[in-house]
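Student: A structural model of the following input is requested.
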Amino acid sequence: MASGFLIRDGSEHDILNCIELDHSYSTDFVWQMSVSDTAGEWQISFKPQRLPRTLETHFAPDEARLRAALPSDQCFLVAVAKPEPILLGYLTLRANLPHQIALVQDIVISRPYRRAKIATRLLSAARQWANEHNLLTLCAENQTKNYPATLFLQNAGFHFCGYNDHYFPNQEIAVFFSQSLR
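Tutor: Reported below is the predicted structural model:
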């Protein structure tokens, strides 16, 4: 467990260390989506579904997405242990300036350092960055099978705001959460 850590802007030198972090997670639940189309009325619902056994999942890091977050008009934050400079986690955020939306794409904390408020502090720094760039809404994308991340986002004050049924490269469903920054 990290006794102390700091949040700083990520750099190109951090990308390899970010990729090497433990991106795996385990869950006993997933969000099950159902769609009903009756007489021109669509009803879409998401509900938590208990799995018959724990699902161990590895989220593949995306070097191109990390690099895309490097420019100053985007946000790439890292959490680094003190006093030893060990990378604990990172956050990437894409700014959509015309719509004044900040989209959190990645919040990754290496497994040995989870539940130490690192993700909460990264998210707080991302909120501050978004406010400084005059963005009005903070959104986050998540896979339906990443139930722990969904709970984290809900506990952080995010609310469900939509989905895309073929969003990720592996064609998995994305659920989106948002919160107002004003």
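
Student: quick check: bridge partners of Leu6?
Tutor: In this entry, Leu6 is beta-bridged to Val80, by DSSP bridges.

Student: need the contact partners of the strand or helix carrying Leu16.
Tutor: According to DSSP states H and E, Leu16 maps onto helix 15-20. Outside helix 15-20, the residues that touch it by CB atoms under 8 Å, 6 or more residues apart in numbering are Gly10, Pro61, Glu63, Leu66, Arg67, Val78, Leu87, Tyr90, Val108. Where C-beta positions appear, they are placed from N, C-alpha and C, glycine not excepted.

Student: among those, which are located in helices?
Tutor: When the contacts of helix 15-20 are checked against helices using DSSP state H, the ones located there are Glu63, Leu66, Arg67.

Student: before we move on, back to that, buried subset of the contacts of helix 15-20?
Tutor: Of the members of the contacts of helix 15-20, the ones counted as buried by neighbours, 16 or more other CB atoms under 10 Å, are Gly10, Pro61, Leu66, Val78, Leu87, Tyr90, Val108.

Student: and the fifth one, how close does it get to Met33?
Tutor: Applying CB to CB, to the nearest Å, one obtains 34 Å for the distance of Leu87 from Met33.
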